[in-house]
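Asks: Give me a 3D structure for the following:
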Amino acid sequence: MKRFIPFLKSGPKVAVLRLSGVIGSGPRAGISDEGMAPLIERAFRKGKPDAVALIINSPGGSPVQSSLVAARIRRLAEEKGIPVHAFVEDVAASGGYWLACAADEIWADAGSIVGSIGVISAGFGAHELLARQGVERRVYTAGKSKSMLDPFRPENPEDVARLKGILGDLHQVFIDWVKSRRGAKLGEADLFTGEVWLGPKATELGLIDGVAQATPKLKELYGEKVRFIRHSRKKGWMPRIGIRLMEDAMVAVEERAHWARFGL
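Replies: Down below sits the predicted model:
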């Protein structure tokens, strides 16, 4: 009851925000700017928290959505003058690590997977299968690059070179973001190859600030009487009764592929 008495100061408060899942676009993605925006805004604005803690468990996904969510966190942190702490659970890789870098400090479990600072594009080629089945692919375009990397046509070396240029530019954006956030904390090893490390090695390399778990670390930082205000997404009732089953199945397969890259 003490905290409801006017003029009587209560203990420190930390807003806890969970960022879990594959990063994609739209409100139904595990993590997206559209889906997470209300929660992020609430975490920074409701109850005047002393800090915000991000609980991150993500193998990555869309680089644009990673950038949008991280930028929103930074804008609010600077606007409100609130420190942000990130805590990695199973994995903060690729876009997951991009999100972690939005925090002022990053902590991980000893078994957490961290890193994968790289960019990937994957697909399939089915032109030989179509040829064996006697199927002819007909494509008409205005603009020679309009059908770039069509999976039903033989791979074009010019298209591949163009895609690698785009991936290289995007990789540099990722590298610049990590360097801007981690600065002098980063070691001298080549950290931008797409490799991943466990918590202790990630600490040595400067990718994170140490091995720690959320509750004990936040109590160490803000005192034993710190109160946690938890913010998490609630699933609607529509998906649970079987609506859009095929779409959900496809999303599940794609998400499984993201997690499987890290043995999870």
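
Asks: ok, now which ones touch the nearest residue to residue 26 once chain neighbours are set aside?
Replies: Once flanking residues are discounted, residue 26 sits nearest to residue 32: 5.8 Å by CB to CB, 6 or more residues apart in numbering. For the C-beta atoms, the positions are set from N, CA and C on the backbone; glycine is no exception. Contacts for residue 32 (CB atoms under 8 Å, 6 or more residues apart in numbering) come out as 23, 24, 25, 26, 62, 65, 69.

Asks: Give me the subset of those that lies in strands.
Replies: Among the contacts of residue 32, no member is found in strands (DSSP state E).

Asks: Closest one to residue 43 out of those residues, please.
Replies: Residue 43 lies nearest to residue 69 out of those, by CB to CB, at 12.2 Å.

Asks: Look up how far residue 155 lies from the nearest residue to that closest one once chain neighbours are set aside.
Replies: Spatial nearest neighbour of residue 69, chain neighbours left out: residue 33 (5.2 Å); criterion: CB to CB, 6+ apart. Look at residue 33 and residue 155: by CB to CB, to the nearest Å, they are 33 Å apart.

Asks: Neighbour count for the two, which is higher?
Replies: residue 33 (22 against 13; other CB atoms under 10 Å).

Asks: Please tell me I have it right and the more buried one contacts residue 70.
Replies: No - using CB atoms under 8 Å, residue 33 is not in contact with residue 70, being 9.5 Å away.

Asks: quick one on the thing from earlier: which single one of the contacts of residue 32 is nearest to residue 172?
Replies: Taking CB to CB as the measure, residue 172 lies nearest residue 62 of the contacts of residue 32, at 17.4 Å.

Asks: Where is the longest strand in the protein?
Replies: Max-length strand for the chain by DSSP E is strand 84-93.

Asks: Give the next helix or strand downstream of that one.
Replies: helix 95-100 (DSSP states H and E).

Asks: which secondary structure elements does that following helix contact?
Replies: strand 51-58, helix 63-80, strand 84-93, strand 113-115, helix 157-182 (3 or more CB pairs under 8 Å, 6 or more residues apart in numbering; DSSP states H and E).

Asks: I'd like these written out as a markdown table, with distance to residue 193 added.
Replies: Conversion of the helices and strands packed on helix 95-100 to a markdown table gives the following (distance: least, CB to CB, whole Å):
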| stretch | distance to residue 193 |
| --- | --- |
| strand 51-58 | 20 |
| helix 63-80 | 17 |
| strand 84-93 | 13 |
| strand 113-115 | 9 |
| helix 157-182 | 10 |
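
Asks: Out of those, flag the one nearest residue 101.
Replies: Nearest to residue 101, of the helices and strands packed on helix 95-100 and by CB to CB, is helix 157-182 at 4.1 Å.

Asks: so what does that closest one touch, helix or strand wise?
Replies: Of the remaining helices and strands, those touching helix 157-182 by 3+ CB pairs under 8 Å, 6+ apart are helix 63-80, helix 95-100.

Asks: thinking again about what came up before, tell me which strands and helices the longest strand of the chain is in contact with?
Replies: Using 3+ CB pairs under 8 Å, 6+ apart: strand 84-93 touches strand 51-58, helix 95-100, strand 105-108, strand 113-115, helix 214-222.

Asks: okay, the ones you listed, which one's buried deepest?
Replies: helix 95-100 (a mean of 28; mean count of other CB atoms under 10 Å).

Asks: Show me what residue 230 bridges to in the sheet.
Replies: residue 16 (DSSP bridges).

Asks: Between helix 214-222 and the longest strand of the chain, find me the angle.
Replies: 150 degrees (axes from the mean of the first three to the mean of the last three CA atoms, to 10 degrees).

Asks: Pass me the low-pLDDT residue ranges in the stretch 101-250 of the chain, would you?
Replies: Within the stretch 101-250 of the chain, the segments meeting pLDDT under 70 span 120-134, 136, 138-141, 143-154, 234-250.
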